[in-house]
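Enquirer: Pasted the sequence and its predicted model underneath.
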Amino acid sequence: MHLRTRTARWAAVLAAAALAVTACGGGGSGGQVGGGGGGGSLGAVGLDGASFTVGSKEFTEQIILGEIAVQALEAAGADVAPLATITGSTNVRTALTSGQLDMYWEYTGTGWSTHQKKEVADAPRDEKELYEAVKQADAANGIAWLDPAPLNNAYALAISKAKSDELGITTMSQMAELINSNPAQGKICAAAEFITRDDGLPGVARTYGFTLAPDGVAELELSLIPPETAKAQTCTFGEVTVTDGAVSANDLVVLEDDKSTFVDYNLAMTVRQEVLDANPKLADVFNPIATKLTSDVMRGLNERVDVQGELPDEVAEQWLTENGFTG
């Protein structure tokens, strides 16, 4: 397989993120990182002879996590196809269940509402109970969930610090009051998926009792939302996540979810059961990695890419090395 430079790999992701399924980079056969048998704990796992295809969603966090997975598997000796970035949770899940992918990192809240199609209001509010419920339900679909990470990438809504001070808004209940009393000031910037998902804006509106005007939502790409929210011109509020590195960089205040509308989104590697049955050592690769992935860690990794301009694969490589997985 022809290998490309790291810069070209990241450029390919950016150019192809809008496509249904795209390839990002040159991983593969012996790999650029680790390659099995090198330093670090993963070199001892022994996946020599195994081959895998790893997927990710199209946003920064998932691409970093996808690179961590690809490089970890390479370090354990496996042959790994280039990371496949797929736009949208439903599409990446379909690629997994159809056999196009062997694995990808997923969130428990997405598993509950999007893949299991269960009501957000019925989701367990204990993160361990939610994980177990999603894991057990997915067993019937031939999908295994490996150990969950502390990382909780829950949805959130944010406002600029200046606007928060001006309006006295720090909670989502106060946001709802503004939307109902002054729709022109209560506009929300959000990405397409959040606008339509039941665990996104529709669920928020239902829980907090507000109705947005037809022009009350501005649909933007995820990466554009924090700076636009900071300007407070296109919108007063913006969709973010707990691990979004651009929140602090844009001086945003995350609104308190005082009615607990958002469910937990703990991260776990999801793998086709037949792939895990044939390669049980996958748990030895990803379970130790999962324990190190906290919300604070992920926020820092995201910020390095989105704010400081580093490349996802290089951020992933450095993190794996610093934590003793590769060397």
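Expert: Ah, there it is.
Enquirer: okay, which residue is most central for this structure?
Expert: Centroid check for the chain by Cα atoms, centre = their mean gives Gln62 as the closest residue, at 4.5 Å.
Enquirer: wouldn't Val315 be in contact with Gly300 here?
Expert: No. Taking Cβ atoms under 8 Å as the contact criterion, Val315 and Gly300 are not neighbours in contact, 9.4 Å apart. In short, each C-beta sits where N, CA and C put it, glycine included.
Enquirer: Show me which of the two is the more surrounded one.
Expert: The neighbour count for Val315 versus Gly300, taken as other Cβ atoms under 10 Å, is higher for Val315 (22 against 14).
Enquirer: which SS class is that one?
Expert: Using DSSP: H, G, I helix; E, B strand; the rest coil, the secondary structure recorded for Val315 is helix.
Enquirer: What residues does it make contact with?
Expert: Ile64, Glu67, Leu301, Arg304, Val305 (Cβ atoms under 8 Å, 6 or more residues apart in numbering).
Enquirer: again, 7 Å this time
Expert: By Cβ atoms under 7 Å, 6 or more residues apart in numbering, Val315 lies in contact with Ile64, Leu301, Arg304, Val305.
Enquirer: same question, Glu193
Expert: By Cβ under 7 Å, 6+ apart, the contact list for Glu193 reads Gly88, Ser89, Gly200.
Enquirer: Leaving out the residues flanking it, which one is nearest to the first one?
Expert: The one in question is Gly88. Glu193 (6.4 Å; Cβ to Cβ, 6 or more residues apart in numbering).
Enquirer: give me the element that neighbour is part of.
Expert: Assigned by DSSP states H and E, Glu193 falls within helix 192-196.
Enquirer: name the helices or strands packed onto the helix or strand following that helix?
Expert: In the C-terminal direction, the helix or strand that comes right after helix 192-196 (DSSP H and E) is helix 201-208. For helix 201-208, the contact count by 3 or more Cβ pairs under 7 Å, 6 or more residues apart in numbering; DSSP states H and E identifies helix 172-181 as packing neighbours.
Enquirer: quick check: mean pLDDT across stretch 188-195?
Expert: Stretch 188-195 carries an average pLDDT of 95.
Enquirer: circling back to that earlier point, any idea how far Ala156 is from the residue nearest to Gly88?
Expert: Using Cβ to Cβ, to the nearest Å, Glu193 is found at 15 Å from Ala156.
Enquirer: picking that back up, just the ones in helices from the contacts of Val315, please.
Expert: Among the contacts of Val315, DSSP state H puts Ile64, Leu301, Arg304, Val305 in helices.
Enquirer: Pro227 against Asn250, yeah?
Expert: Yes. Between Pro227 and Asn250 a contact is recorded at 5.8 Å, counting by Cβ atoms under 7 Å.
Enquirer: Let me see the ranges of the strands in the stretch 201-327 of the chain.
Expert: All strands of the stretch 201-327 of the chain, identified by DSSP state E, counting those that start in this stretch, fall at 217-219, 237-241, 252-254, 267-272.
Enquirer: Which secondary structure elements does the last one sit against?
Expert: It stands for strand 267-272. Here strand 267-272 touches strand 103-107, strand 143-145, helix 282-292, going by 3+ Cβ pairs under 7 Å, 6+ apart.
Enquirer: What are the contacting residues of the next helix-or-strand element following the second one?
Expert: Scanning forward in sequence from strand 143-145, with DSSP H and E defining helices and strands, the next element found is strand 155-160. Applying Cβ under 7 Å, 6+ apart, the contact partners of strand 155-160 are 169, 172, 175, 194, 200, 229-230, 232, 236-242, 247, 251-255, 262.
Enquirer: quick one: buried residues of the next helix or strand after strand 155-160?
Expert: Following strand 155-160 in sequence order, the next helix or strand is helix 161-167 (DSSP H and E). Of the residues in helix 161-167, those scored as buried under the neighbour-count criterion (16 or more other Cβ atoms under 10 Å) are Lys163, Ser164, Leu167.
Enquirer: re earlier: make TSV out of the strands of the stretch 201-327 of the chain and add distance to Gln136, mean neighbour count and mean pLDDT.
Expert: Converted to TSV, the strands of the stretch 201-327 of the chain look like this (distance: least, Cβ to Cβ, whole Å; neighbours: other Cβ atoms under 10 Å; pLDDT from 0 to 100):
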stretch	distance to Gln136	mean neighbour count	mean pLDDT
strand 217-219	35	15	97
strand 237-241	26	27	96
strand 252-254	31	20	95
strand 267-272	13	24	98
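Enquirer: Relative to Ser41, which of these is closest?
Expert: When the strands of the stretch 201-327 of the chain are ranked by proximity to Ser41, the top entry is strand 267-272, at 16.7 Å, counting by Cβ to Cβ.
Enquirer: How far off centre is stretch 281-294?
Expert: From the chain centre to the centre of stretch 281-294 is a distance of 16 Å (Cα atoms, centre = their mean, to the nearest Å).
Enquirer: same check, this time on stretch 81-98
Expert: Using Cα atoms, centre = their mean, the distance between the centre of stretch 81-98 and that of its chain works out at 13 Å.
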